[in-house]
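S.K.: Next input, structure requested:
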Amino acid sequence: MKNQTTITSVLLMSLSDDLKTIYVLFSIFLLIYLMTYLSNSLIILLVATCTHLHTPMYFFLGNLAFLDMSYSSVTAPRMLFNFKTQDWSISFPECIAQMFFIIYFGSSEVFLLTSMSYDRYIAICRPLHYSQVMSWGKCIQLVSLVWSSALIAPTIYTLFLKRLTFCGPNFIQNFFCDLPHLFQISCTDTTINVLLLAIAGNVICFITFAATFYSYLKIFSTVLKIRTSDGKRKAFSTCTSHLIVVFIFYVSITFIYFVPNTSNLLKLNQVVTVIYTLITPLLNPLIYSLRSKDLKAALQKTLHMHVPNPESRRGCT
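M.R.: Numbers count the residues shown, from 1 in each chain. All right, here's what the predicted structure looks like:
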């Protein structure tokens, strides 16, 4: 069945009806977006130019930074434009495109975080085989698989949208277009689409979460066998940042997609959505920067700051 779309635009939800509040939110979200873009760009620059950051862990981190920039750019600029013009409408093709890239970058992130947990598992549990298992060729292959396999879900979802008719109402209760909200404005049966979303989403989340959980189960088991407290601390420090990022990601995803969107939880869901789409892409580089001595040393070296730690004197080329 061909798509019989009769609506030409979708009306997004405004976060506030008060003009002063809108101006305040515009300023805050603009600052967050600029800081997100700057911080993630800086991480990509450091990883690319500093020789002592040319390791698999920072290679994955550079990809995560690019992913956070991309994900934030799918929603933030449009929302800022809506704040500025106070026009919360978006054309239907733009809405579909926004939905596609939100799912694509979200899928990419869950696959990339799983790959990063595997990297930490090899580094801690099989250190003697690390250089062989996580060679540059295999890292590139793994990241290529992450970016390409993430295309499958949004492509299938978009193709299955063609069987639906969208005839209104054209209002969705979110500040960006997401697949569940598109189902709500369809005037045809969405059972197959909802079932497909539930099956694919749960399978992806279960497999990636299980792989991440297994990796950290083995990591904790290995670390606990280390006799010295200093050795345990150093081992844990190499994966703490990633573990925090994974925790924030899965908690946000759970609230957005797996908690019923009832009237009592609507405001909470909106807050979590803002945190996940706007604040998390900013938190990720900050978490890694604050906990990584190598990254802080590279930043200080790049900014020509004096660093007493001898290891931080290794230059960036």
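S.K.: Could you double-check that residue 219 sits in contact with residue 119?
M.R.: No. Contact criterion CB atoms under 8 Å: residue 219 and residue 119 do not qualify, at 11.0 Å. Every residue, glycine included, has its C-beta placed from N, CA and C.
S.K.: So between those two, which is more surrounded?
M.R.: Neighbour count, other CB atoms under 10 Å: between residue 219 and residue 119, residue 119 has more, with 24 against 21.
S.K.: what residues are up against that one?
M.R.: Residue 119 is in contact with 56, 57, 60, 134, counting by CB atoms under 8 Å, 6 or more residues apart in numbering.
S.K.: Nearest to residue 279 among the residues you listed?
M.R.: Using CB to CB, residue 60 comes nearest to residue 279 of the contacts of residue 119, at 21.5 Å.
S.K.: Can you give me the buried ones in the host helix or strand of the closest one?
M.R.: Per DSSP states H and E, residue 60 falls inside helix 56-85. Residues of helix 56-85 classed as buried: 56-76, 78-80, 82-83 (neighbour count, 16 or more other CB atoms under 10 Å).
S.K.: Remind me what that helix packs against, helices and strands.
M.R.: Other helices and strands packing on helix 56-85, by 3 or more CB pairs under 8 Å, 6 or more residues apart in numbering; DSSP states H and E, are helix 19-49, helix 92-125, helix 136-149, helix 280-291.
S.K.: tell me the average confidence for that helix?
M.R.: Helix 56-85 comes out with an average pLDDT of 91.
S.K.: Compute the inter-axis angle for it and helix 280-291.
M.R.: For helix 56-85 against helix 280-291, the angle by axes from the mean of the first three to the mean of the last three CA atoms, to 10 degrees is 140 degrees.
S.K.: where's helix 56-85 relative to the chain centroid, distance-wise?
M.R.: 8 Å (CA atoms, centre = their mean, to the nearest Å).
S.K.: and that helix with helix 19-49, angle?
M.R.: Using the same axes, to 10 degrees: helix 56-85 against helix 19-49 is 160 degrees.
S.K.: Can you check what angle separates helix 56-85 from helix 136-149?
M.R.: Calculated by the same axes, to 10 degrees, helix 56-85 forms an angle of 30 degrees with helix 136-149.
S.K.: Look up how far residue 77 lies from the closest residue to residue 14 other than its chain neighbours.
M.R.: Among residues not flanking residue 14 along the chain, residue 88 sits closest, at 5.2 Å (CB to CB, 6 or more residues apart in numbering). Distance from residue 88 to residue 77, counting by CB to CB, to the nearest Å: 14 Å.
S.K.: Residue 43 now?
M.R.: Taking CB to CB as the measure, residue 43 and residue 77 are separated by 21 Å.
S.K.: So which residue is smack in the middle of this structure?
M.R.: Compute the mean C-alpha point of the chain, and by CA atoms, centre = their mean the closest residue is residue 109, 4.7 Å away.
S.K.: where are the low-confidence patches of the stretch 151-300 of the chain?
M.R.: For the stretch 151-300 of the chain, applying pLDDT under 70 flags the ranges 259-267, 290-291.
S.K.: go again using 90 as the cut-off
M.R.: Filtered on pLDDT under 90, the stretch 151-300 of the chain yields the residue ranges 162-190, 193-194, 197-202, 205, 222-245, 247-280, 282-300.
S.K.: how about the strands in it?
M.R.: Counting by DSSP state E, counting those that start in this stretch, one finds no strands in the stretch 151-300 of the chain.
S.K.: For the helices and strands packed on helix 56-85, give me CSV that also has distance to residue 224.
M.R.: Formatted as CSV, these follow (distance: least, CB to CB, whole Å):
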stretch, distance to residue 224
helix 19-49, 31
helix 92-125, 11
helix 136-149, 28
helix 280-291, 21
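S.K.: Nice, that's everything, thank you.
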